[in-house]
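Enquirer: sequence and predicted structure are below.
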Amino acid sequence: MADTHVVLKGGKRPAMADAERVRELPPSAPVTATLSLRGPALPDPGPALSREEFERDYAAHADDIAAVKQTLERFGLRIEQESAVSRSVIVSGTAGQIEEAFRPGLGVYRSARQGEFRGREGEIQIPAELDGLITGVFGLDQRRVARRSSAAGDAGGKALGAGHTPFGPADLERHYRFPAAASVDETIAIAEFGGGFFDDDLAAYCARFGRRPPRVTVTPLNLHPLSRDDISALPAADQETALAESREVTMDVEIVAGLCPGAHIIVYFATFDQKGWVDVLNAMISGNPDAAVVLSVSWGLAEDGPGWSAAARTAINERLHAASVMGITVCAASGDDGASDQVNDGRAHVHFPASSPYVLSVGGTMLDGAKEVVWWEDPGEGTTGGRGGSSGGGVSVEFPRPAWQTMPIASLNPNSISGRIVPDVAALAGSPLYELVVDGKPTPTGGTSAATPLWAALVARITALRRPRASPAFLAPLLYQASPGARRRAFTDITRGSNQTPHVRGYAATPGYDAVSGWGVPDGQALIGCL
């Protein structure tokens, strides 16, 4: 009798080096999964399509969705949500029903870093009649594939900012010549994969700097943000992690709020596994709860690290592609650990999703006196004590170089592809840092995690000023296609510094475009003309 299942291409997960399988998952345990479905090939980004135009021409076909639902309901699975525009279906059921439908071999794993979590290793299978219809199944394995870090207020290198105090929003506006905006009537989305949002800190920040408060919509997708009481109730070992992640959320929201007075800010909260990434991008593509012009993503992981499955990279990249076709610019941090990106194998690595050709990848700088240089703090990567770090950047080994990137920059890795170069642009990540309000107190912080919401805010301001003459547009290729003269006016070139680490020599800043600071840091007013 023929087998009723086939192996899902790209779904293989390796065993985790730092985790062990401790027991089987009870068959009655609840499981929810997000399925990615096939759809028409997407066009190159160009004039933005409306969501209605995109759904008409590029959504999943209704017959495919119906076939998936009908087949999986036979296994007892419940259809929780379907979306043609994001090409996805969310299903839930017991672990036993999931085993029958997808044969993942679920178990409970334990690692020192993550504690106990549901996981799997090896291949995943799908019902044979859905072969080619389902392209990914996410949420069965809960291993962590999202991390971020920031430059703490007492980080090394602070002396390089001698003569400067941490920058508030007015300082950033002056430094990068933001176009004037008494109010920004745009929607800006932020992706978060942990922590909580505390509106009293945001209110204190806006009051401290005299900024009109934004309208914030907290949108839990498959994760509810933590309250301070929630954090206090956690085991002591977990409290600092939750507080650190909450500080990162605070940083994202306050930087955007300070630079986009009165804007609508959507803060998505999702789990830090592959399902969380797909769910955030599905919500953004669907315009849930509102249509954003830009998404800020300060999280990521080395693109070729063992955490990602090939199917997840593809699903995330397809959704980023869809966003770019709709004219949404996704700003993604290039990482805070230099050219090794916390993979210490002697090879150079770049951050994902920053390495996707459908994002605006953001690197980091710092001030050395009056001059802006590449952000680098000894030893060029984060350390246990919270010191160190540098701008991520380099050449992708997973994504081919897009046609609009014509620079002859080669990978440091022998026999590598001519891949997408990271980053596209840069902004302040190190000294003198950003002045925020955290737990009611002034707190300086930074990292490419801070440079990214700054760029998201700048994109939103420029979009607001260009309406109604021009619709929102995916920004990255436009920067490369601009005339050299317009680009020279729109950017301050960063020509000093590198992102070397103890494990790899890294890439150096050079005159013109380079693989550590991109085109450089913005002159916001001139950037409007560049576009």
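Expert: On my side now, so go ahead. Numbers count the residues shown, from 1 in each chain.
Enquirer: all strands for the stretch 101-250 of the chain, in order.
Expert: Shown for the stretch 101-250 of the chain, the strands assigned by DSSP state E, counting those that start in this stretch span residues 107-111, 115-119, 125-127, 134-138, 187-192, 215-220.
Enquirer: same for the second one, what does it pack against?
Expert: Using 3 or more CB pairs under 8 Å, 6 or more residues apart in numbering; DSSP states H and E as the contact definition, the elements that strand 115-119 packs against are strand 19-24, strand 107-111. Just so you know, the C-beta spots here come from the backbone N, C-alpha and C atoms, and that holds for glycine as well.
Enquirer: dump these into CSV; add mean pLDDT, distance to residue 215 and mean neighbour count as well.
Expert: Output for the helices and strands packed on strand 115-119, formatted as CSV (pLDDT from 0 to 100; distance: least, CB to CB, whole Å; neighbours: other CB atoms under 10 Å):
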stretch, mean pLDDT, distance to residue 215, mean neighbour count
strand 19-24, 95, 41, 13
strand 107-111, 96, 39, 18
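Enquirer: before we move on, back to that, format the strands of the stretch 101-250 of the chain as CSV; extra columns: distance to residue 168.
Expert: Below are the strands of the stretch 101-250 of the chain laid out as CSV (distance: least, CB to CB, whole Å):
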stretch, distance to residue 168
strand 107-111, 40
strand 115-119, 38
strand 125-127, 52
strand 134-138, 40
strand 187-192, 19
strand 215-220, 19
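Enquirer: okay, these, which one's buried deepest?
Expert: Among the strands of the stretch 101-250 of the chain, the stretch with the highest mean neighbour count (mean count of other CB atoms under 10 Å) is strand 187-192, at a mean of 27.
Enquirer: check which helices and strands that strand sits against.
Expert: Secondary-structure packing of strand 187-192 (3+ CB pairs under 8 Å, 6+ apart): helix 236-259, strand 264-269, strand 294-297, helix 448-466.
Enquirer: can you say which of these is nearest to residue 399?
Expert: Residue 399 lies closest to strand 294-297 among those, at 16.0 Å (CB to CB).
Enquirer: how much space between the residue lying closest to residue 82 once chain neighbours are set aside and residue 377?
Expert: Counting by CB to CB, 6 or more residues apart in numbering, the nearest residue to residue 82 once its immediate chain neighbours are dropped is residue 89, at 4.8 Å. Residue 89 is 45 Å from residue 377, where distance means CB to CB, to the nearest Å.
Enquirer: residue 479 now?
Expert: From residue 479 over to residue 377 the distance is 27 Å, taken as CB to CB.
Enquirer: neighbour count for those two, which is higher?
Expert: For residue 479 versus residue 377, the count of surrounding residues by other CB atoms under 10 Å is larger for residue 377: 25 against 22.
Enquirer: pretty sure the more buried one contacts residue 390?
Expert: Yes - here residue 377 lies in contact with residue 390, judged by CB atoms under 8 Å, at a distance of 6.7 Å.
Enquirer: of all the helices and strands packed on strand 115-119, which lies closest to residue 130?
Expert: Using CB to CB as the measure, strand 107-111 is the one of those that comes nearest residue 130, at 24.3 Å.
Enquirer: next up, the contacts around residue 232.
Expert: residue 239 (CB atoms under 8 Å, 6 or more residues apart in numbering).
Enquirer: let me know the pLDDT of it.
Expert: On the pLDDT scale, residue 232 is placed at 95.
Enquirer: and the helices in the stretch 51-200 of the chain, which stretches?
Expert: 51-58, 62-73, 95-102, 169-175, 199-209 (DSSP state H, counting those that start in this stretch).
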